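# Kindly generate the corresponding structure for this input.
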Amino acid sequence: MASTQHVSSSNVVGVHYRVGRKIGEGSFGVIFEGTNLLNNQQVAIKFASLLKSDAPQLRDEYRTYKLLVGCCMRAPCCTRHLTDGVAIAGIPNVYFFGQEGLHNILVIDLLGPSLEDLFDWCGRRFSTKTVVQVARQMLTRVQTIHEKNFIYRDIKPDNFLIGRPGSKTANLVHVVDFGMAKQYRDPKSKQHILYRERKSLSGTARYMSINTHLGREQSRRDDLEALGHVFMYFLRGGLPWQGLKAATNKQKYEKIGEKKQTTAIKDLCEGFAEEFSQYLSYVRGLGFEDTPDYDYMRELFTQVLKKEGVEEDGVYDWNLLNGGKGWEANTVRGSVPRVRVRVGADCFWQKHGSGAHSPLGAGYMQVAGASNMELRHQAVSPRTSQTPAGGLANSRLNAAQPAPPHGGGDKPRRTRRSAAQPQSGQPSSGSRQQHQQGRARPHSQHHASRTSGPQHAHPQPSSASPAAAESPVRTSFWASLARFCSCCISPAVRTC
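Numbering: from 1, shown residues only. Okay, here's the model as predicted:
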């Protein structure tokens with residue numbers, strides 16, 4: 001009986017969240033599926049090591065969620081519980097933030113696959129109808145963020161997830177990963193941040209705005225331009241500045257920026273409805289402090305469907321896969337798919353189980369590049385656009401679905417400012433800089449300061465604990481975290 005109690009308590013964090021299987025890891029930490037023991041709700045639990053110099057990333061993300069949703073605190077014994085928050089459609093709920101041993105943890109909603117995943121399963125091309133419906137949703141999410149005084153600064157398909165299958169929000173587009181978000185105006189006075197130049201790049205090079213490439217301070221217009229690039233990526237199946245080669249990352253980002261500047265909007269949007277060209281012309285013409293007309297932009301896309309005589313009925317390309325059964329129809333309960341999970345802003349590929357359960361088939365391997373972590377095909381039969389056979393693991397998802405070989409874009413160096421600190425004339429003393437190059441990057445060996453406030457300590461089993469035998473898929477999560485911490489501070493590029 002004592003042994004059973006030990007195993008049970010050792011896998012519980014944040015008082016009542018049981019940690020399940022590991023579904024992936026990234027440069028900021030490890031992510032697990034979890035269960036709220038009070039109501040049996042499925043959640044995602046992010047762990048970020050305090051042994052890294054960028055340990056505040058989860059804390060910054062938590063602060064952004066709190067400011068976006070308007071959460072408040074209660075219970076003096078646990079000041080990091082989030083309660084009484086105002087739900088916002090398309091933004092995950094945050095249930096807990098705190099410290100467990102040498103890790104910060106963040107508990108959020110468990111969601112479905114990303115738009116990048118769905119894009120790949122649909123043959124790397126979306127229909128105009130799907131793009132229009134997705135565009136209207138993405139615009140509304142970004143508008144919500146802007147109205148809450150934030151700019152997102154890392155628009156890409158990977159950061160937009162649909163809901164879990166069978167839920168009321170199954171086709172609702174959610175935005176996640178606020179590690180790069182920044183306040184662009186004071187919440188009370190509404191004073192806008194100052195225009196600056198010679199700023200380091202923030203975002204994903206494939207989608208970022210031209211002004212961002214030129215080192216100009218980002219504002220609302222830059223999020224909207226990046227959205228326009230995503231829309232054309234979905235329609236075209238790619239962008240003209242993809243696949244450019246250069247000796248260094250800096251030269252590569254410069255080439256991407258030059259290609260964007262020299263590619264005329266009419267050429268980029270050629271062959272598609274003129275409203276997409278009008279959208280890009282509008283957002284690129286906005287001034288630094290201009291307030292965008294979101295209703296006008298949404299109406300542009302509504303006109304696309306009206307002209308084509310197509311009804312906006314909420315049916316997307318991924319709902320039509322497998323003879324209309326949807327992308328999730330071929331999932332096998334209990335199977336463990338190859339996953340790509342974003343923890344913070346970075347991601348790593350991870351293979352679970354056999355190739356037979358992989359939606360991309362056997363023969364894919366993980367490779368580490370100087371500026372990217374990517375998946376490359378290795379002498380196997382061609383992929384099909386069929387829904388993955390292992391797309392769901394016990395119907396629990398959090399962007400843990402099989403992802404495409406080319407998703408995510410090119411990641412430049414980025415400087416991250418604490419989300420709770422807007423930039424004014426002088427840099428805030430509380431701001432932190434974060435170096436990020438590609439999806440794999442060097443890490444400092446300096447220790448980060450712990451977060452303040454009450455902390456909950458739980459016993460950590462040894463590697464020989466019976467907890468390790470609970471699942472054939474993984475060892476105990478504490479052992480996994482220990483292995484992660486042993487390599488995450490290495491100055492070399494990790495290949496995991």
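
# so Gly20 touches Glu33, yeah?
Yes - using CB atoms under 8 Å, Gly20 is in contact with Glu33, at 4.0 Å. From N, CA and C alone the C-beta is placed, and that goes for glycine too.

# so what's the residue nearest to Thr35 when sequence neighbours are not counted up against?
Closest residue to Thr35 apart from its sequence neighbours, by CB to CB, 6 or more residues apart in numbering: Arg18 at 4.7 Å. Residues counted as contacts of Arg18 (CB atoms under 8 Å, 6 or more residues apart in numbering) are 11-12, 34-35, 37.

# Make sure I have this right: Arg18 is in a helix.
No - Arg18 sits outside any helix when classified using DSSP: H, G, I helix; E, B strand; the rest coil, being strand.

# How about it: which residues does it bridge to?
For Arg18, the beta-bridge partners under DSSP bridges are Val12, Thr35.

# State the distance from it to Glu33.
Between Arg18 and Glu33 the computed distance is 10 Å (CB to CB, to the nearest Å).

# how near is Gln261 to Arg216?
According to CB to CB, Gln261 stands 13 Å off from Arg216.

# Counting neighbours, go ahead and name the busier of those two.
Per other CB atoms under 10 Å, whichever of Gln261 and Arg216 has more neighbours is Arg216, with 17 against 12.

# The more buried one reaches Tyr195, doesn't it?
Yes - with contact defined as CB under 8 Å, Arg216 reaches Tyr195; the gap is 7.4 Å.

# Report the set of residues contacting both of these two.
What both Arg216 and Tyr195 touch, as defined by CB under 8 Å, 6+ apart, is the set Phe288.

# okay but Met180 is in contact with Lys156, surely?
No - taking contacts as CB under 8 Å, Met180 lies outside contact range of Lys156: 10.5 Å.

# Between the two, which contacts overlap?
Gly203.

# what ranges do the strands span in the stretch 151-300 of the chain?
Assigned by DSSP state E, counting those that start in this stretch, the strands in the stretch 151-300 of the chain fall at 160-161, 174-175, 182-183.

# which other helices and strands contact the second one?
So the one you mean is strand 174-175. If you count contacts as 3 or more CB pairs under 8 Å, 6 or more residues apart in numbering; DSSP states H and E, strand 174-175 packs onto helix 128-147, strand 160-161.

# how about a cut-off of 7 Å?
Counting contacts by 3 or more CB pairs under 7 Å, 6 or more residues apart in numbering; DSSP states H and E, strand 174-175 is packed against strand 160-161.

# now swap in the last one and tell me
Helices and strands in packing contact with strand 182-183 are listed as strand 150-151; criterion 3+ CB pairs under 7 Å, 6+ apart.

# elements contacting the strand it packs on?
Right, strand 150-151 is packed against strand 182-183 by 3+ CB pairs under 7 Å, 6+ apart.

# give the contact list for Asn36.
Applying CB atoms under 7 Å, 6 or more residues apart in numbering, we find Asn36 in contact with 16-17, 43.

# If we use 8 Å, what do you get?
Asn36 neighbours (CB under 8 Å, 6+ apart): 16-17, 42-43, 95.

# burial count for Asn40?
The burial count for Asn40: 8, using other CB under 10 Å.

# Can you tell me how far it is from Gly34?
Where Gly34 is concerned, Asn40 sits at a distance of 11 Å (CB to CB).

# so what's Phe150 closest to, chain neighbours aside?
Ala181 (4.9 Å).

# is it true that that neighbour touches Asn149?
No - judged on CB under 8 Å, Ala181 makes no contact with Asn149 at a distance of 10.2 Å.

# These two: who's more crowded?
Using other CB under 10 Å as the criterion, Ala181 and Asn149 rank with Ala181 on top: 26 against 18.

# quick one: the more buried one from Lys66, how far?
12 Å.

# hang on, Gly326 is in a helix, isn't it?
No - Gly326 is assigned coil when assessed by three-state DSSP, not a helix.

# what sits against it?
165, 318-320, 387.

# okay, the residues you listed in CSV with pLDDT next?
Compiled in CSV, the contacts of Gly326 are given as follows (pLDDT from 0 to 100):
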residue, pLDDT
Pro165, 90
Trp318, 97
Asn319, 96
Leu320, 96
Thr387, 38
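
# And those, which is closest to Val230?
Nearest to Val230 among those: Trp318, at 16.4 Å, using CB to CB.

# For the closest one, grab the count of nearby residues.
With other CB under 10 Å as criterion, Trp318 counts 23.

# Show me the helices in the stretch 201-350 of the chain, by range?
Assignment of helices within the stretch 201-350 of the chain using DSSP state H, counting those that start in this stretch yields the ranges 210-213, 220-236, 249-262, 265-268, 274-284, 294-308, 321-324.

# if you compare the ones you listed, which one is most tucked away?
Mean neighbours per residue, mean count of other CB atoms under 10 Å, is largest over these for helix 220-236, with a mean of 24.

# just the angle between that one and helix 128-147, please?
If you take axes from the mean of the first three to the mean of the last three CA atoms, to 10 degrees, helix 220-236 sits at 160 degrees to helix 128-147.

# Just list what helix 220-236 packs against, helices and strands only.
Against helix 220-236 (3+ CB pairs under 8 Å, 6+ apart) you get helix 128-147, strand 150-151, helix 210-213, helix 274-284.

# Would you list the strands that the second one pairs with, along with their directions?
Looking at strand 150-151 with DSSP bridges, its paired strands and their directions are strand 182-183 (antiparallel).

# about what we covered before: and the residue nearest to Phe150, how far is that from Gly34?
24 Å.

# so where's this structure shaky on pLDDT?
1-10, 24-28, 53-55, 70-86, 330-496 (pLDDT under 70).
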